[in-house]
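A.B. asks: Sharing a sequence plus its predicted fold:
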Amino acid sequence: MATSTLRATLRLRLSQADAHYGGGLIDGARMLALFGDLATELLIRHDGDEGLFRAYESVEFLAPVYAGDYVEVEGELVSVGNTSRKMSFVAKKVIAPRVDISSSAAEVLAEPVVVCRAVGTCVTPKEKQRHG
């Protein structure tokens, strides 16, 4: 398998509409959906096709995420086979709300908090590959 340094990043604020549990807690599946978006971008940039997510080999949920948090989500293409593409992902909380101060207060975290990490494999069938 050849290696590549192709990377993509998303930064977004999670809203109350993303909350799944009481207290504005965000479902971990939301991080996986963001990883899927990054995988799609990486595949389009590498192969010219969206490909298909085949499997996660590891997923770690490391810290809670709440409505109002800003997350930065990074994906990297780490190895490329004939049709398989292995990717690593990390989601970090970079800004958190400060409702103890006011309903609109927030702060940039001195150190981003890693909230989720994963490694997965996507597949782009040979006949769909237009780059590479």
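C.D. replies: Perfect, I can see it now.

A.B. asks: any low-confidence regions in this structure?
C.D. replies: For the chain, the stretches flagged by pLDDT under 70 are 1-4, 132.

A.B. asks: I'd like to check which residues are in contact with the most centrally placed residue in it.
C.D. replies: Nearest to the geometric centre of the chain sits Phe35, at 3.1 Å (Cα atoms, centre = their mean). Taking Cβ atoms under 8 Å, 6 or more residues apart in numbering as the criterion, Phe35 is in contact with 73, 75, 89, 91, 116, 118, 120. C-beta coordinates here come from the backbone N, C-alpha and C atoms, glycine included.

A.B. asks: now do 10 Å
C.D. replies: Contacts for Phe35 were tallied using Cβ atoms under 10 Å, 6 or more residues apart in numbering; they are 10, 53, 56, 59, 73-75, 87-91, 116-120.

A.B. asks: So Asp49: helix, strand or coil?
C.D. replies: coil (DSSP: H, G, I helix; E, B strand; the rest coil).
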